[in-house]
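K.L.:
sequence first, then the predicted structure, then my questions.
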Amino acid sequence: MAEITVQPVLLHGASKASTSSRVRSEPLWARVLLIGIALAFLTLFLFVPLGTVFYEATKKGFSTYVSAVTDPDARSAMKLTLMAAAIAVPLNALFGIAAAWAVTKFEFRGKQLLITLIDLPFSVSPVISGLIYMLLFGANGWFGPFLQERGIKIMFALPGIVLATIFVTVPFVARELIPLMEAQGKAEEEAAATLGASGLETFLRVTLPRIKWGVLYGVVLCNARAMGEFGAVSVVSGHIRGLTNTLTLHVEILYNEYQFAAAFAVASLLAMLALVTLVAKSLIEWRTSGEH
């Protein structure tokens, strides 16, 4: 009986060892080919376009580059982009944490509907979301006349840009936290409640320390999406130069006016923001992998 029990274990171990051995003993040509294909793809679709942006931005000299990025319209676009992100990202972080807490810690009617609504911006074109806000708050929209009578301006102003940015970035924090909190379970929160901790104390002392890197990861992705948004913002901004143009819209205007060096110079700012985001994302992944 002992031999029958041990034999499958040995066979299973042998099977795992042989599988691992097969993985490690792939032909050299196959590994070189796969790595070469991956590098060629990255070079063609990532490194070359990125390098082109910086090359075109500096082709006419450093003084031209500095002049383009310090132009009053460019500075206004940068300020508006940062302002919209500074408002939208914290709000989406708060919503994401609350939504993830509700979905993972409680059972309630409409739970699946809430999850579906969180994912909605992923399936709706950003341009459509901008049009929705125009239908709601535009001059001829549902609430437009009411707002105009009271001197409240949403479309073609900062509030409209913030609303559009919030819509397209709302899933990122929630979608990062929901799987993480589901995997962690509810045992520690239930233990804290049993010991008399309030809901707020449980969240601050038990839940938040366990999800802090997930929150930061979601915030980084949310911020990158907010700063690079074009479609929804293009609809609600009105393209008022120096007032309602974000960086992405300012790049479009410069390019359409054949100011290619200035367009690429401003685009390089967005590219640098993307690289900073990538570095932050990698550091967070490295930090979280080190904790496991």
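P.N.:
Okay, I see it.
K.L.:
residue ranges for the strands of this structure, please.
P.N.:
Counting by DSSP state E, the chain has no strands at all.
K.L.:
for it, which helix is longest?
P.N.:
Here the longest helix in the chain is taken by residue count, with DSSP state H as the criterion, and it is helix 72-105.
K.L.:
can I get stretch 49-61 in PDB, CA atoms only?
P.N.:
What follows is stretch 49-61, C-alpha atoms only, in PDB (Å, rounded to 0.1, in the frame of the first residue of the first chain):
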ATOM      1  CA  PRO A  49       8.600  56.400 -33.000                       C
ATOM      2  CA  LEU A  50       9.800  57.600 -29.600                       C
ATOM      3  CA  GLY A  51      13.200  58.400 -31.000                       C
ATOM      4  CA  THR A  52      11.600  60.300 -33.900                       C
ATOM      5  CA  VAL A  53       9.600  62.500 -31.500                       C
ATOM      6  CA  PHE A  54      12.800  63.600 -29.700                       C
ATOM      7  CA  TYR A  55      14.800  63.900 -33.000                       C
ATOM      8  CA  GLU A  56      12.100  66.100 -34.700                       C
ATOM      9  CA  ALA A  57      11.700  68.200 -31.500                       C
ATOM     10  CA  THR A  58      15.400  69.100 -31.400                       C
ATOM     11  CA  LYS A  59      16.200  69.100 -35.100                       C
ATOM     12  CA  LYS A  60      16.100  72.900 -35.400                       C
ATOM     13  CA  GLY A  61      18.200  73.500 -32.300                       C
END
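K.L.:
tell me the average confidence for that stretch?
P.N.:
Mean pLDDT, taken over the full extent of stretch 49-61, equals 92.
K.L.:
which of the residues in it are classified as buried?
P.N.:
For stretch 49-61, a neighbour-count test (16 or more other Cβ atoms under 10 Å) marks 53, 54, 56, 57, 60 as buried. (Each C-beta comes from the backbone N, C-alpha and C, glycine too.)
K.L.:
now stretch 248-256
P.N.:
Burial within stretch 248-256, assessed by neighbour count using 16+ other Cβ under 10 Å, is assigned to 248, 249, 250, 251, 252, 253, 254.
K.L.:
share the number of residues neighbouring the residue nearest to the third one when sequence neighbours are not counted, please.
P.N.:
Among residues not flanking residue 250 along the chain, residue 77 sits closest, at 3.9 Å (Cβ to Cβ, 6 or more residues apart in numbering). Close neighbours of residue 77, defined as other Cβ atoms under 10 Å, add up to 26.
K.L.:
my guess is residue 77 meets residue 245, correct?
P.N.:
Yes - counting by Cβ atoms under 8 Å, residue 77 touches residue 245, with 4.9 Å between them.
K.L.:
where does this structure dip in pLDDT?
P.N.:
Where the chain drops to pLDDT under 70, the residues are 1-25, 290-292.
K.L.:
the domain parsing of it - what is it?
P.N.:
Residue ranges for each domain of the chain read 24-58, 61-289, as given by automatic domain parsing.
K.L.:
can you give me the end-to-end span of the last one?
P.N.:
Going back to what we said before, that points to domain 61-289. Counting by Cα to Cα, to the nearest Å, the length from the leading to the trailing residue of domain 61-289 is 43 Å.
K.L.:
would TSV of the buried residues of stretch 248-256 with distance to residue 118 be doable?
P.N.:
Listed next are the buried residues of stretch 248-256 as TSV, based on distance: Cβ to Cβ, whole Å:
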residue	distance to residue 118
248	25
249	27
250	31
251	30
252	30
253	34
254	36
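K.L.:
show me the contacts for residue 181.
P.N.:
Under the criterion of Cβ atoms under 8 Å, 6 or more residues apart in numbering, the neighbours of residue 181 are 100, 101, 104, 105, 207, 211, 214.
K.L.:
let me have the buried residues of stretch 49-61 in JSON lines, adding distance to residue 110 as columns.
P.N.:
Formatted as JSON lines, those follow (distance: Cβ to Cβ, whole Å):
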{"residue": "53", "distance to residue 110": "45"}
{"residue": "54", "distance to residue 110": "49"}
{"residue": "56", "distance to residue 110": "51"}
{"residue": "57", "distance to residue 110": "49"}
{"residue": "60", "distance to residue 110": "57"}
